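A.B. asks: only geometry, no sequence info:
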């Protein structure tokens, strides 16, 4: 039922859109009554908020792009798809919190814990993406009859790399929190690229 | 008019998506200036927030799934449907508040009141679900001509159990608040299951 | 272009859905550290928040229902429609603020000002609804060719009453703030009814 | 693929709708316990919040209108479109923060910095609009086969003026912050007008 997946996509789009926009609430306006320092300095000092905001924005955007990609290949919905999609949205919904946490603690005691929670949310999302994709694509159960085989294989390969890569970012946080965040940004770019070819093919009329 | 129900679904999806994502605002970042305790401890101490968040997320998700299910069977809209749907959305909109309340008071004096409000919101939602479904399905007035009869019956049976079950969770709160919350989680899973068969049939081409 | 109005409706649905759900942020969780009074009492004392929340929820819902109704009759979009719709959304977006204001000040000095702002927002919305409808319906410029003439007339009559009625609620606030809020709730119900007949006709296949 | 652009539009509509509605969170309810001054005075003193709110609302609305316009001409999506659209949404998402900042600092030390950040966000958005449009329209790569040539040219001309005009508003902030904000409001109106003709043509059946 096209109709079935249409409403799952609409609800998911809503959750992705709200979550990505709520991220901005983590960037605080410095209190006007602050003594001494000019506003420029106060704003520059908030760089961890900007780094966390940009990384989370890029990650949620890529997650939406991938969600969009896999649903162009899915032709039917069933209860298992509804629930595995729900688990993925759970992880997406947590991101504004884990982003706040890492933005608040970067450069303070506890930053390693904060970065572990932040990366943990991404590992969770990567796991749920694999579950969602397996639910849809195992033996092609919910895929469209005309789903491009190479596109399907490309997504499977790309998603499989997600869990180990985000686990690496998780581990890196114990060496350097900033390096771990930088790796997250790089991963967002990486997940933007590899299925490029596959998607282009899938988008062919 | 397909068009009629399409826009009701779009507006409802928006409310469900915003409400489910706003839940995360209830999970607070521990203040950085907290003395002594490491962040891990501070985060672990917030477990009532996580339990309330997960329970409410699961409940709103199941409510959305059920909303989605019944609208696959509804073929026409009228004013009574618009308003009974509005009452349901009212209950959905209150959930982020009742979730905050129970998250804040769990383990403190007043936790019974908080859990009663929390369960009360769910009872309200269960009542409004029955009203919405009755508006649509009584004598099949707004159902699609091809709506599967077993699916319709399955939903009626499943929804009828909602009010007594959530009333039980409400009553249980006076014995044990944690047990009441646990029952809520179980109910979310229960409402995910019983009409499974019915929906699968309804989803058949 | 059906497509044109489809996206205006989608964007408007988003704004209505976010605004109606943000209202709940005005209901505050009483601080856990409050001395003495049991939670029930603290919650009961917040009744102005619940009254304001319910009134605003009902009002935004009715506004959405009316928006939905007029767009079932509109067949084409142009720039003037985009902008008059934008003005209406402006008023909708302000409602969460005016609701907070009246909820905070009800029963305190300044409650008359708060109620005036609250009703002022509704007058503004009523004016913009008339502008939007005039933009679409004057000489039938943007209406669908098959738009039911009685439905069009019914909406014109109903909307014309909006500005004087909300102005009455505005004036009433200077005599009694609570009576003014009650009138707002009654108006929401009133605007739910009068075009009922018209809409039913419009919904006919 | 119509389907492809449909979901990009839905997600973008969600982000625009959430961002434009979140703006209202910047208008604060004056604390009830404020000594002395009547509420009217307290509300009037918040005029910078209202000016910033109205300017940002108008700007996001115009951005949405323009987004809507260009997507009526775009017939296909590819990865580059997804990402250039993502960059634009990034700028939209930042606006509620930059609006808070300018609302808080207008009339206080640091107002020039705040206005520079505010205008900087708009320059960024103007740049990303040009990138998005270039991605879609260069050699007509993603345009619909029947896209009106004059409409395409009109958008290209209009967008090209965006960056210098917002840079002028940025520069003006160093002379007068209020004049700079006023120019922003004027620019929102300006960007509402110039492609009027083109859009009307594009909307022709």
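C.D. replies: Looks like it arrived, so ask away. Because the structure is a prediction, the values reported are computed rather than measured.

A.B. asks: so where's chain A shaky on pLDDT?
C.D. replies: A:1-3, A:34-35, A:193-205 (pLDDT under 70).

A.B. asks: what does it put close to chain B?
C.D. replies: With Cβ under 8 Å from any Cβ of the partner chain as the criterion, chain A meets chain B at residues A:1, A:3-4, A:7-8, A:10-11, A:13-15, A:17-19, A:22, A:25, A:76-79, A:82-83, A:86, A:89-90, A:93-94, A:96-97, A:100-101, A:104-105, A:108-110, A:113-114, A:117. To be clear about C-beta, it is placed using only N, CA and C from the backbone, and glycine gets the same treatment.

A.B. asks: any of these buried? List them.
C.D. replies: A:4, A:7-8, A:10-11, A:13-15, A:17-19, A:22, A:25, A:76-79, A:82-83, A:86, A:89-90, A:93-94, A:96-97, A:100-101, A:104-105, A:110, A:113-114, A:117 (16 or more other Cβ atoms under 10 Å in any protein chain shown).

A.B. asks: of the residues you listed, list those near chain D.
C.D. replies: Applying Cβ under 8 Å from any Cβ to those, those adjacent to chain D are A:10, A:13, A:14, A:17, A:18, A:22, A:25.

A.B. asks: which of those fall in helices?
C.D. replies: A:10, A:13, A:14, A:17, A:18, A:22 (DSSP state H).

A.B. asks: let me see the contact set for the last one.
C.D. replies: Contacts here follow Cβ atoms under 8 Å, 6 or more residues apart in numbering or on different chains; on that basis residue A:22 touches A:96, B:21, B:24, B:25, D:18.

A.B. asks: and the first one, which of the three is it?
C.D. replies: Meaning residue A:96. helix (DSSP: H, G, I helix; E, B strand; the rest coil).

A.B. asks: so how far is residue B:96 from the spatially closest residue to it that is not a sequence neighbour?
C.D. replies: Nearest non-adjacent residue to residue A:96, counting by Cβ to Cβ, 6 or more residues apart in numbering or on different chains: residue A:22, 4.6 Å away. Separation of residue A:22 from residue B:96 (Cβ to Cβ, to the nearest Å) stands at 12 Å.

A.B. asks: pretty sure residue A:28 is in a strand, no?
C.D. replies: No: Residue A:28: not assigned to a strand; according to three-state DSSP it is coil.

A.B. asks: so it is in contact with residue A:49, correct?
C.D. replies: Yes: counting by Cβ atoms under 8 Å, residue A:28 does reach residue A:49; the two are 7.1 Å apart.

A.B. asks: who has more neighbours, these two?
C.D. replies: Neighbour count, other Cβ atoms under 10 Å in any protein chain shown: between residue A:28 and residue A:49, residue A:49 has more, with 22 against 14.

A.B. asks: pull out the buried residues from the helix or strand harbouring that one.
C.D. replies: Residue A:49 is part of helix A:47-73 when elements are defined by DSSP states H and E. Applying a neighbour-count criterion of 16+ other Cβ under 10 Å, one finds A:48-73 buried in helix A:47-73.

A.B. asks: is chain D contacted by that helix?
C.D. replies: Yes: using Cβ under 8 Å from any Cβ, helix A:47-73 reaches chain D at A:54, A:57, A:61, A:64, A:65, A:68, A:71, A:72.

A.B. asks: isn't residue A:114 up against residue B:40?
C.D. replies: No: the criterion here is Cβ under 8 Å, and residue A:114 misses it with residue B:40 at 10.0 Å.

A.B. asks: burial measure for residue A:107, as a count.
C.D. replies: 12.

A.B. asks: and the helix holding residue A:49, what does it pack onto?
C.D. replies: helix A:2-22, helix A:79-105, helix A:111-137, helix A:149-160, helix A:177-192, helix A:196-202, helix D:2-22, helix D:79-105 (3 or more Cβ pairs under 8 Å, 6 or more residues apart in numbering or on different chains; DSSP states H and E).

A.B. asks: what parts of chain A come near chain D?
C.D. replies: Residues of chain A lying near chain D (Cβ under 8 Å from any Cβ): A:9-10, A:13-14, A:16-18, A:20-25, A:27, A:29, A:32, A:38-40, A:42-43, A:54, A:57, A:61, A:64-65, A:68, A:71-72, A:192, A:196, A:199-200, A:203, A:205.

A.B. asks: residue farthest from the centroid of chain A?
C.D. replies: residue A:36 (39.0 Å; Cα atoms, centre = their mean).

A.B. asks: any idea how far residue B:116 is from that residue?
C.D. replies: 50 Å.

A.B. asks: residue contacts, residue A:48?
C.D. replies: A:102, A:103, A:104, A:106, A:107.

A.B. asks: which one among those gets closest to residue D:147?
C.D. replies: Relative to residue D:147, the closest of these is residue A:103; by Cβ to Cβ it sits at 42.6 Å.

A.B. asks: got the contact list for the closest one?
C.D. replies: A:26, A:48, A:49, A:51, A:52, A:53.

A.B. asks: please report how far the second one lies from residue A:24.
C.D. replies: So the one you mean is residue A:48. For residue A:48 relative to residue A:24 (Cβ to Cβ), the value is 15 Å.

A.B. asks: just residue A:150 next, same as before
C.D. replies: With Cβ to Cβ as the criterion, residue A:150 and residue A:24 are 38 Å apart.

A.B. asks: what about these two, which has more around it?
C.D. replies: Comparing residue A:150 with residue A:24 by other Cβ under 10 Å, the one with more neighbours is residue A:24, at 22 against 12.

A.B. asks: you'd agree the more buried one is up against residue D:93?
C.D. replies: Yes: Residue A:24 lies in contact with residue D:93 (Cβ under 8 Å); the separation is 5.3 Å.

A.B. asks: return every residue with contacts to both of those two.
C.D. replies: residue D:19.
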